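> structure, please.
(one chain, ligands or ions: 1)
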Amino acid sequence: MRVIALSAEDDFEGWRDAARALASARVPPSEIVWQMGEHPADLFGDEAVLEPATPAALRVPRAFLDLAQSVILHSDPQRFALLYTLLAGLIEAPKRIEDRADPLVRRLEEMAKQVRRDIHKMRAFVRFREIADDAGPRFVAWFEPEHHIVRANARFFMDRFANMRWSILTPELSIHWDGETLSEAPGASRADAPSGDAIEDVWKTYYASTFNPARLKTNAMLKEMPRRYWKNMPETALIGELVAGARQREIAMVQTARESLGGNIAGAWERLRDEAMGCTRCHLYKHAAQTVFGEGPVDARMMFVGEQPGDQEDLSGQPFVGPAGQMFDRAMADAGIDRAAVYVTNAVKHFKFEQRGKRRIHARPDAGEISACRWWYAQERLLLRPEMTVALGATAARQILGKTVTISAMRGRAIDLPEGGVGWVTIHPSFLLRLPDKARAEEEYALFVEDLKGAARAGK
Ligand code: URA
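Numbering: from 1, shown residues only. The predicted model follows:
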């Protein structure tokens, strides 16, 4: 029996190094005990000592490492052993990581999803209250995460509240930021955090300015805000009032948000993408592997909007990489548009499908799912402000125009968008893949290329 002692609940590096060495030496999962803290060598004698790593023999799919990084933060004590079992299996069958029907892969992916959600919830629901200590004002928040995510989330708060001195107290770990350095301290209790004071007004204002009416329409805001956090949140008192002035606030928010970025669009885009990874605005996150966010330069002049990620996009995390993506790439090249210079995203950012045996069959997003996802599309537009936005297919057209349209009636002409810039509607490349008649498919392909060329010209 080998006992592996990890230094902390979220010790990914410790787990990875040990797992690499053990898997290289083909140590079976049943012979390993994963523990926290000091190595209890006397319990197991010499066998507990780990041999030095021989990593040369081990090649692990990138997707596994990404999965492991999230799963390690889960509160399930079995996580280290489960991950190691999959790792050991991947040595013989590296493709196993792609098998959506494999119960272990599914279980680990579900755990990773729960972790991502918890990370998102902490970002959304931490509420600071102001106190004064020897060095001046300090903002203190109490939060109870479900998983071991506090350390992993620290960077987000350091970036967002860089100029404040703040502390986040949680039952397992407390983190403190003094404007320059992050330090850690043991866990705390709710009683250690202040409750209710002047800062509440600031939060109420902040909340009012970031309030998104689309969420309320689908009632997703109330769903997303678990009741157990409500007591920490002064702004819940404001919900009724917010509904009334929501639209005005949304418009004002768009302006202030962009101004407040101070030019760091790329940084803001990265934060937005990170937040989208934990999106629970509609139910689609429950079955998809991950959020597939937009991709491309943030100063792109053209934005292309597809329908939703497909099977391959869901697995890879990138838009338009599967069969429709290849058709899109070919048509873009024939239209003389450099894909690397444009921004490519989807109207809906989670894969919707029906499971049939081992296959996941694409299912069309409905109106509720499209409008729940509008938040991310609107934020992408706010950051990029593209001159030309091309909708690929009916779902995308609905997203960019805010209403249902017929492609044949709208395609191939410039349409002024209410928030600025020009829109352009064309077919979805997967339409071309479905045409059985070769001559018709070629004709439609040529029209598609012409549409793309027209969009490039109109966006100049
Ligand atoms: N179809 C889409 O609409 N988007 C993708 O990313 C892939 C296929």
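
> in the stretch 151-300 of the chain, which residue sits closest to the ligand?
Val292 (6.3 Å; CB to the nearest ligand atom). C-beta: built from backbone N, CA, C; applies to glycine.

> what sits against that residue?
Pro309, Glu313, Asp314, Gly317, Gln318, Pro319, Asn346, Lys349, His350, Phe351 (CB atoms under 8 Å, 6 or more residues apart in numbering).

> any chance of the residues you listed in TSV, plus pLDDT?
Formatted as TSV, these follow (pLDDT from 0 to 100):
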residue	pLDDT
Pro309	97
Glu313	95
Asp314	92
Gly317	92
Gln318	95
Pro319	97
Asn346	98
Lys349	97
His350	97
Phe351	96
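
> residues of the protein that sit close to the ligand?
Contact residues, the chain versus the ligand (CB under 6 Å from any ligand atom): 306-310, 313, 319-320, 322, 324-325, 346, 430.

> who wins for most neighbours among the residues you listed?
Pro309 (31 neighbours; other CB atoms under 10 Å).

> give me the nearest residue to that residue, chain neighbours excluded.
Val292 (3.8 Å; CB to CB, 6 or more residues apart in numbering).

> now do that neighbour, the pLDDT please.
Here, the pLDDT recorded for Val292 equals 96.

> what backbone torsions are found at it?
phi -110, psi 100 (degrees, to the nearest 10).

> so when I look at Ala324, I'm seeing a helix, right?
Yes - judged by DSSP: H, G, I helix; E, B strand; the rest coil, Ala324 forms part of a helix.

> quick one: it and Ile427 touch, right?
No - with contacts counted by CB atoms under 8 Å, Ala324 stays clear of Ile427, the gap being 11.0 Å.

> contacts only, for the residue of the chain at minimum distance from the ligand.
Proximity of the chain to the ligand (CB to the nearest ligand atom) peaks at Gly306, 2.8 Å away. With contact set as CB under 8 Å, 6+ apart, Gly306 has these partners: Pro319, Phe320, Ala324, Phe328, Val344, Thr345, Asn346, Ala347, Leu392, Gly393, Ala396, His428.

> neighbours of the closest residue to the fourth one other than its chain neighbours, just the number please.
It stands for Phe328. Sequence neighbours aside, Pro429 is the residue nearest to Phe328 in space, at 4.5 Å (criterion: CB to CB, 6+ apart). By other CB under 10 Å, the residues close to Pro429 number 23.

> ok, the residues of the chain next to the ligand vs Asp178, which is closest?
Pro319 (40.1 Å; CB to CB).

> so where does the nearest residue to Ala289 once chain neighbours are set aside fall, helix or strand?
Closest residue in space to Ala289, ignoring its immediate chain neighbours: Asp314 at 4.9 Å, by CB to CB, 6+ apart. Assigned by DSSP states H and E, Asp314 belongs to helix 311-316.

> and that helix, what does it pack against?
Contact here means 3 or more CB pairs under 8 Å, 6 or more residues apart in numbering; DSSP states H and E; on that basis helix 311-316 packs against helix 323-334, strand 359-362.

> quick check: domain ranges of this structure?
Domains of the chain are assigned by automatic domain parsing as 2-120, 126-192, 200-244, 262-458.

> please identify the most buried of those.
domain 262-458 (a mean of 19; mean count of other CB atoms under 10 Å).

> could you tell me the end-to-end distance of stretch 172-182?
16 Å (CA to CA, to the nearest Å).

> now stretch 435-450, how far from the centre of its chain.
From the chain centre to the centre of stretch 435-450 is a distance of 36 Å (CA atoms, centre = their mean, to the nearest Å).

> hmm, back to that, make sure the residue nearest to Phe328 is actually in contact with Met327.
Yes - at 4.0 Å, Pro429 and Met327 qualify as touching, with contact defined as CB under 8 Å.

> so which elements touch the strand or helix carrying Leu447?
Per DSSP H and E: Leu447 is located in helix 438-458. Helices and strands touching helix 438-458, by 3+ CB pairs under 8 Å, 6+ apart, are helix 323-334, strand 388-392, strand 422-426, helix 429-434.

> what's next to it, contact-wise?
So helix 438-458 is contacted by 302, 331-332, 334-337, 388, 390, 411-414, 422, 424, 426-427, 429, 431-432, 435 (CB under 8 Å, 6+ apart).

> okay, that helix in PDB with CA atoms only?
Only the C-alpha atoms of helix 438-458 are listed here, as PDB (Å, rounded to 0.1, in the frame of the first residue of the first chain):
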ATOM      1  CA  LYS A 438     -24.500  17.800 -55.200                       C
ATOM      2  CA  ALA A 439     -25.300  20.400 -57.800                       C
ATOM      3  CA  ARG A 440     -27.700  22.300 -55.400                       C
ATOM      4  CA  ALA A 441     -25.000  22.100 -52.600                       C
ATOM      5  CA  GLU A 442     -22.500  23.700 -54.900                       C
ATOM      6  CA  GLU A 443     -24.900  26.400 -55.900                       C
ATOM      7  CA  GLU A 444     -25.800  27.200 -52.300                       C
ATOM      8  CA  TYR A 445     -22.100  27.100 -51.300                       C
ATOM      9  CA  ALA A 446     -21.400  29.700 -54.000                       C
ATOM     10  CA  LEU A 447     -24.200  31.900 -52.700                       C
ATOM     11  CA  PHE A 448     -22.800  31.500 -49.100                       C
ATOM     12  CA  VAL A 449     -19.400  32.700 -50.300                       C
ATOM     13  CA  GLU A 450     -21.000  35.600 -52.000                       C
ATOM     14  CA  ASP A 451     -22.800  36.500 -48.800                       C
ATOM     15  CA  LEU A 452     -19.600  36.400 -46.900                       C
ATOM     16  CA  LYS A 453     -17.800  38.600 -49.500                       C
ATOM     17  CA  GLY A 454     -20.700  41.100 -49.300                       C
ATOM     18  CA  ALA A 455     -20.500  41.200 -45.500                       C
ATOM     19  CA  ALA A 456     -16.800  41.900 -45.700                       C
ATOM     20  CA  ARG A 457     -17.400  44.800 -48.200                       C
ATOM     21  CA  ALA A 458     -20.300  46.300 -46.200                       C
END
